[in-house]
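[1] Prediction below, plus the sequence it came from.
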Amino acid sequence: MTAHLLTELTIFILAVFVGLEVISRVPTMLHTPLMSATNAIHGIVLVGAILVAGAADAPFNAIVGFILVLLASLNVFGGYTVTERMLQMFRPKAQAPKPPADGAQ
Amino acid sequence: MTGADTAAASWVDIAYLITAICFIFGLRYLSSPKTARLGNRVSAVGMLIAVVATLSQGIVNWYVIGAALVVGAAIGIVSAQRVKMTAMPQMVAIFNGAGGGAAALVAAGELLKVYQANGTPTYDVSFTSVLSAVIGAISFAGSIIAFLKLQEVMTGRPITYPGQQIVNALVALAILVCWGLVVANVPNALAFFWIALVASFVLGILFVLPIGGADMPVVISLLNSFTGLAAASTGFVLGNNVLIVAGALVGASGTLLTVLMGKAMNRSVTNVLFGAFGAIKTSTAAGAAKAQNVRSVSADDVAAMLAYANQVIVVPGYGMAVAQAQHSIRELADQLEKKGVEVKYAIHPVAGRMPGHMNVLLAEANVPYTSLYDMDDINPEFERTDVALVVGANDVTNPAARSDKNSPIYGMPILDVDKAANVVVLKRSMNSGFAGIDNPLFDDPKTVMLFGDAKKSIDGVIAGVKAL
């Protein structure tokens, strides 16, 4: 193992702990948006996709590059859009004033 | 990205650091529904920064990248906007699969580049690129199967066959062998890389096949975690810190959710993955045929019970999602609140097909999130409740989980619906739940059943309440 890989592993492990810390605070109510938000975040592989596709010179590499940028881009744009749509729906009680009881009792 | 050589590279590295910070804050803001949207936007800005920074580097194939970006964005945005909220689990599965597939191909592309330059990849690169190809391909194929199951293109029931575990183990072994050969850089190592990639794809299919519908929350979370880890290991391949950090965050999130879902079912994750429900089904098949003493009532009866109650707790399950009954439920709650009835919603952690599934559906129907309660908060309330209205939920209300040591779900935390003064169960038919387990709740003298499609039943009850 190179020293460089060890540094990266260190970053990885610290990030896992940050992730566990931050995500354990997310209420169960928001677990679907959480999944969808993290889904969008792993779309960061788009960066890797651009790097690989951008350096591709042979036609085969270019085809692979096209497919992988397409997949990653689908992941990023779809992920953020769906998360936004879901989160728009979560409203507190305040916006829908409760009608007064009309003396049914 | 090893940095340090040019000024431009270090600018990009700083941009990536900002992106990582944006992602962490984005997730941090998800701790409250009030700040969650801001969180999503902060995270999206982070993503934009990373993409722009990457594009600013020496890119050769502008056309290829531009076209792929635009097509991917168009498909992603349009499908994300059109998808129905009830189909959300499938949508999440598809995007997850896309990410996993991309990670696998990035690793493949990078390895390919080294070989084509007639070079020998370092151990670090060959080890991590096989790793991300394997996890990415498993996630890609597994997500597709999960999608097909959720979309009901194929059966949602577990698909099992004799020797399944052995077949899976052999495929896994083949992957490990190929991995070793690639790292050892034997002649034709690239061929073994492709074999490992294909075998991982097959393993992804095989491992999701035996997992049934009710276990979907576990498998969806796990696949999410896999894609995160695949992205992180791609980061190792490329020496790219932002991929490592983002992948680690997602991996942590997916793992945490997987464990939570397992706990909510009182089953270990291994138990879920290696298909225990297949065996359970046959052992209880005889019991499921047992005739139960159930009382069936009309929608008007239910309307009267609800309208004269002080407090009603709605217990939604997957049946609500299938019938798309969430809007009708909201309307019923409005009508009841007009009559001074307090309406609350009890959400079991594994109700539905993904973590938090019921919350999203009810939010879509404009139910304020302040009326939604988690299991631990609502359970003490059932004793003070006049009517518990169970809409398409079954196993999560089964009192056998508390008392019957022989029940397959014994020990699973449940909603204490049976402690309410009256229980109304909306159900399509008397078929037993997904796992084929008897539910003594239906036999309880204080339980009444309203049979039929959940949405039509609720609409009938609404008409009854209005007529009172």
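    Cool, got the structure.
[2] Give me the mean pLDDT for stretch A:45-61.
    Averaged over stretch A:45-61, pLDDT sits at 84.
[3] can you pull the buried residues of that stretch?
    Neighbour counts over stretch A:45-61 (16 or more other Cβ atoms under 10 Å in any protein chain shown) mark A:45-56, A:61 as buried. C-betas here are computed from N, CA, C, even on glycine.
[4] helices and strands around the top helix by length along chain A, which ones?
    With secondary structure taken from DSSP state H, chain A has its longest helix at helix A:59-89. With contacts taken as 3 or more Cβ pairs under 8 Å, 6 or more residues apart in numbering or on different chains; DSSP states H and E, helix A:59-89 sits against helix A:31-41, helix A:45-55, helix B:36-55, helix B:62-82, helix B:88-116, helix B:357-364.
[5] Please identify the most buried of those helices.
    helix A:31-41 (a mean of 31; mean count of other Cβ atoms under 10 Å in any protein chain shown).
[6] Which one, of the helices and strands packed on helix A:59-89, ends up nearest to B:T447?
    Between B:T447 and the helices and strands packed on helix A:59-89, the tightest spacing by Cβ to Cβ is seen for helix B:357-364, at 21.2 Å.
[7] What is the subsequent helix or strand relative to the closest one?
    strand B:372-374 (DSSP states H and E).
[8] Need the helices and strands packed on helix A:59-89 in JSON lines (columns: distance to B:I14).
    Converted to JSON lines, the helices and strands packed on helix A:59-89 look like this (distance: least, Cβ to Cβ, whole Å):
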{"stretch": "helix A:31-41", "distance to B:I14": "19"}
{"stretch": "helix A:45-55", "distance to B:I14": "14"}
{"stretch": "helix B:36-55", "distance to B:I14": "9"}
{"stretch": "helix B:62-82", "distance to B:I14": "23"}
{"stretch": "helix B:88-116", "distance to B:I14": "23"}
{"stretch": "helix B:357-364", "distance to B:I14": "37"}
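[9] so which of these comes closest to B:L190?
    Of those, nearest to B:L190 by Cβ to Cβ is helix B:88-116, at 5.3 Å.
[10] Give me the buried positions along the helix or strand following that closest one.
    Per DSSP H and E, the first helix or strand lying C-terminal to helix B:88-116 is helix B:123-150. Residues B:124-150 are the ones in helix B:123-150 that count as buried (16+ other Cβ under 10 Å).
[11] Now narrow those residues to whatever sits close to chain A.
    B:D124 (Cβ under 8 Å from any Cβ of the partner chain).
[12] Give me the angle between the longest helix of chain A and helix B:88-116.
    Angular relation of helix A:59-89 and helix B:88-116 on a 0 to 180 degree scale: 150 degrees, by axes from the mean of the first three to the mean of the last three Cα atoms, to 10 degrees.
[13] which parts of the stretch 351-468 of chain B sit against chain A?
    B:354-357, B:359-360, B:363-364, B:366, B:368-372, B:374.
[14] Could you check how many residues crowd around whichever residue of the stretch 151-300 of chain B sits closest to chain A?
    For the stretch 151-300 of chain B and chain A, the shortest gap (Cβ to the nearest Cβ) falls at B:A252, measuring 3.0 Å. Neighbour count for B:A252, taken as other Cβ atoms under 10 Å in any protein chain shown: 25.
[15] Identify the residues contacting it.
    A:15-20, A:23, B:225, B:228 (Cβ atoms under 8 Å, 6 or more residues apart in numbering or on different chains).
[16] Just the buried subset of those residues, please.
    Judged by 16+ other Cβ under 10 Å, buried ones among the contacts of B:A252: A:15-16, A:18-20, A:23, B:225, B:228.
[17] Show the model's pLDDT score for B:L209.
    Reading off the model, B:L209 has pLDDT 89.
[18] neighbours around B:N310, how many?
    Neighbour tally, B:N310, other Cβ under 10 Å: 13.
[19] no, scratch that, I was asking about B:V242
    With neighbours defined by other Cβ under 10 Å, the count for B:V242 comes to 29.
[20] again, but for B:K405
    7.
[21] distance of it from B:G460?
    Going from B:K405 to B:G460 by Cβ to Cβ, to the nearest Å gives 39 Å.
[22] what does B:F140 give?
    For B:F140, the distance to B:G460 - Cβ to Cβ - is 44 Å.
[23] repeat for B:L148
    Distance check for B:L148 against B:G460: by Cβ to Cβ, it reads 34 Å.
[24] B:V71 too?
    To B:G460, B:V71 is 47 Å away according to Cβ to Cβ.
[25] Also B:L111?
    61 Å.
[26] In the stretch 201-350 of chain B, where is pLDDT below threshold?
    Along the stretch 201-350 of chain B, segments meeting pLDDT under 70 span B:213, B:275-292.
[27] how about the residues of it that lie near chain A?
    Residues of the stretch 201-350 of chain B lying close to chain A (Cβ under 8 Å from any Cβ) are B:220-221, B:224, B:227-228, B:230-232, B:234-254, B:256-257, B:260, B:307, B:334, B:337-340, B:347, B:349.
[28] mind listing which of those are in strands?
    Among those, the subset assigned to strands under DSSP state E consists of B:I347.
[29] from the stretch 51-200 of chain B, which residue is nearest to chain A?
    For the stretch 51-200 of chain B, Cβ to the nearest Cβ, closest residue to chain A: B:G72, 2.7 Å.
[30] Surely that residue and A:F66 touch.
    No: judged on Cβ atoms under 8 Å, B:G72 makes no contact with A:F66 at a distance of 9.8 Å.
[31] ok, how many other residues are close to the spatially closest residue to B:E364 that is not a sequence neighbour?
    Distances taken as Cβ to Cβ, 6 or more residues apart in numbering or on different chains put B:M85 closest to B:E364, at 4.2 Å, once the chain neighbours are dropped. Per other Cβ under 10 Å, the neighbour tally for B:M85 reads 21.
[32] Distance check, B:M85 against B:G97.
    20 Å.
[33] how much space between the nearest residue to B:Q151 once chain neighbours are set aside and B:I220?
    Once flanking residues are discounted, B:Q151 sits nearest to B:Q90: 5.0 Å by Cβ to Cβ, 6+ apart. Taking Cβ to Cβ as the criterion, B:Q90 is separated from B:I220 by 10 Å.
[34] Now do the shared contacts for those two.
    Residues touching both B:Q90 and B:I220 by Cβ under 8 Å, 6+ apart: B:A146.
[35] for B:V424, helix, strand, or coil?
    For B:V424, the assignment made with DSSP: H, G, I helix; E, B strand; the rest coil gives strand.
[36] ok, it - contacts?
    B:297, B:302, B:305-306, B:387-390, B:447-450 are the contacts of B:V424 under Cβ under 8 Å, 6+ apart.
[37] and with 7 Å instead?
    Contacts of B:V424 were listed using Cβ atoms under 7 Å, 6 or more residues apart in numbering or on different chains, and they are B:302, B:305, B:387, B:389-390, B:448, B:450.
[38] Just give me the closest of those residues to chain A.
    B:M305 (14.0 Å).
[39] Near the closest one, how many other residues are there?
    Neighbour count for B:M305, taken as other Cβ under 10 Å: 20.
[40] Buried residues in the host helix or strand of it, which are they?
    In the assignment (DSSP H and E), B:M305 maps to helix B:299-307. Across helix B:299-307, burial judged by 16+ other Cβ under 10 Å covers B:299, B:301-307.
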